[in-house]
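Colleague: below: sequence and its predicted model.
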Amino acid sequence: MRLYADAMQRIAYFGPQGTFTEQAALRFGSELVPVDTIQLAIASVRKGETEFACVPIENSVEGAVPATLDALVRDEPVVAVAETVLDVRFSVLVRPGTTEIRTIASHPHALAQVREWIADSLPGVTSIATSSTAAAAAAVERGEFDAAVTAPVAVHHYELDEYATNVLDVADARTRFLLLRRPGALPEPTGADRTSVVVTTPNRVGVLSELLTELALRGINLTGLESRPTKGKLGEYRFYIDVEGHIAEPRIGDALAALHRHSREIRFLGSFPKADHEPVEAHNDEFAAAAAWVDAVRKGERG
Ligand SMILES: O=C(O)C(=O)C[C@]1(C(=O)O)C=C[C@@H](O)C=C1
């Protein structure tokens, strides 16, 4: 995979050292700055302390990462310029010499992915949420809990032993991560891109179906739809919409303009190459031919 950041450009990542997010960030660059929360990673980009931030966005078992969705709409805009997907398997780490496990700690998304394993292998153990998987390892090292559910690499960063490896309730679990920066020149279209926006709609009948119809009419494939409360009135939601294609393509540009018309607020979250590099059926030639025909008709050159 191409490194995104050059040697001078720093990437704030959801740490501390030994998180899955650190593994994802290493695919984008080498100047990594660990911070303790997703909010701080994104704030570091907003303030210009780092050029980039790397954060988790969704997991195939537990779904979207709410802290990331919420941080993306607060304050100044940031946009995704790349994504990567990691296979997820967990290790359970303990202090050397541990004989009894009464508490097990990790990030809520990690605990949710090993719930059945904990019930089967460590019945009666209390699960405790920490800010990240590596924060759980650090807390176990300090003696606060007995075991941590971590990324396999965490064992190299903390004075802990492997109690179990390859722990996972659902095979083939995967997490997608974004590389974010302040708005600037967009990544070039590659023919295998994803575009992400978040919209707040007026509260009226059929508005979500209108948004989706605008995509469907243009043959645009929806790859993600999440809702989060606006945190204002009960029942008011923001919709996070991921589609295949790049805003540089006419049909995507048209569709986003239509979403703008239907929305109370809209924020562009990026057009960037998809991690799977699977080409997208874009029909760009047909859109260009249609636009050329309208142009010619307007000039009186065609009927
Ligand atoms: O705590 C970490 O290690 C993370 O990088 C976060 C995170 C997540 O938010 O889903 C990333 C991948 C795994 O699914 C579990 C936790």
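Modeller: Yes, it's here.

Colleague: which parts of the chain are helices?
Modeller: 20-26, 38-46, 66-73, 108-113, 115-121, 133-141, 207-217, 250-262, 284-298 (DSSP state H).

Colleague: now do the same contact list for the spatially most central residue of the chain.
Modeller: Nearest to the mean C-alpha position of the chain, counting by C-alpha atoms, centre = their mean, stands Ile57 at 1.9 Å. The neighbours of Ile57, taking C-beta atoms under 8 Å, 6 or more residues apart in numbering as the test, are 64-65, 68-69, 83, 176-178. In short, each C-beta sits where N, CA and C put it, glycine included.

Colleague: what's across from the residue in the stretch 151-300 of the chain positioned nearest to the ligand in the sheet?
Modeller: The minimum distance from the stretch 151-300 of the chain to the ligand, using C-beta to the nearest ligand atom, falls at Thr175 (4.0 Å). Beta-bridge pairing of Thr175 under DSSP bridges involves Asn59, Leu86.

Colleague: shouldn't it be in contact with Thr84?
Modeller: No - in terms of C-beta atoms under 8 Å, Thr175 does not count as a neighbour of Thr84; the distance is 9.5 Å.

Colleague: any buried residues in the helix or strand of the chain with the lowest mean pLDDT, and which?
Modeller: Every helix and strand in the chain was compared by mean pLDDT, DSSP states H and E; the lowest is helix 284-298, with a mean of 91. Buried residues in helix 284-298, defined by neighbour count with 16 or more other C-beta atoms under 10 Å: 284, 287.

Colleague: output the below-cut-off pLDDT ranges for this protein.
Modeller: 1-3 (pLDDT under 70).

Colleague: any idea how far Trp137 is from the ligand?
Modeller: Slight slip there: residue 137 is Ala, not Trp. Distance of Ala137 to the ligand, given as C-beta to the nearest ligand atom, to the nearest Å: 9 Å.

Colleague: residues in contact with that residue?
Modeller: With C-beta under 8 Å, 6+ apart, Ala137 has these contacts: 18, 93, 148, 150, 154, 157-158, 160.

Colleague: near the ligand, list only the ones from those residues.
Modeller: Applying C-beta under 6 Å from any ligand atom to the contacts of Ala137, one finds that nothing falls near the ligand.

Colleague: and the stretch 51-200 of the chain, which residues reach the ligand?
Modeller: 56, 59, 65, 88, 107, 109-110, 132-134, 151, 175.

Colleague: C-alpha coordinates for stretch 170-185, PDB please?
Modeller: The C-alpha coordinates for stretch 170-185 follow below in PDB (Å, rounded to 0.1, in the frame of the first residue of the first chain):
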ATOM      1  CA  VAL A 170     -17.300 -14.100  14.600                       C
ATOM      2  CA  ALA A 171     -14.700 -15.200  12.100                       C
ATOM      3  CA  ASP A 172     -13.400 -12.700   9.500                       C
ATOM      4  CA  ALA A 173     -14.100  -9.600  11.600                       C
ATOM      5  CA  ARG A 174     -12.800  -6.400  10.000                       C
ATOM      6  CA  THR A 175     -12.500  -2.700  10.900                       C
ATOM      7  CA  ARG A 176     -12.300   0.200   8.500                       C
ATOM      8  CA  PHE A 177     -10.200   3.200   9.400                       C
ATOM      9  CA  LEU A 178     -10.100   6.700   7.900                       C
ATOM     10  CA  LEU A 179      -7.200   9.100   7.300                       C
ATOM     11  CA  LEU A 180      -8.500  12.600   7.900                       C
ATOM     12  CA  ARG A 181      -7.100  16.100   7.100                       C
ATOM     13  CA  ARG A 182      -8.400  19.600   6.900                       C
ATOM     14  CA  PRO A 183     -10.200  20.400   3.600                       C
ATOM     15  CA  GLY A 184      -7.800  21.000   0.700                       C
ATOM     16  CA  ALA A 185      -7.100  19.500  -2.700                       C
END
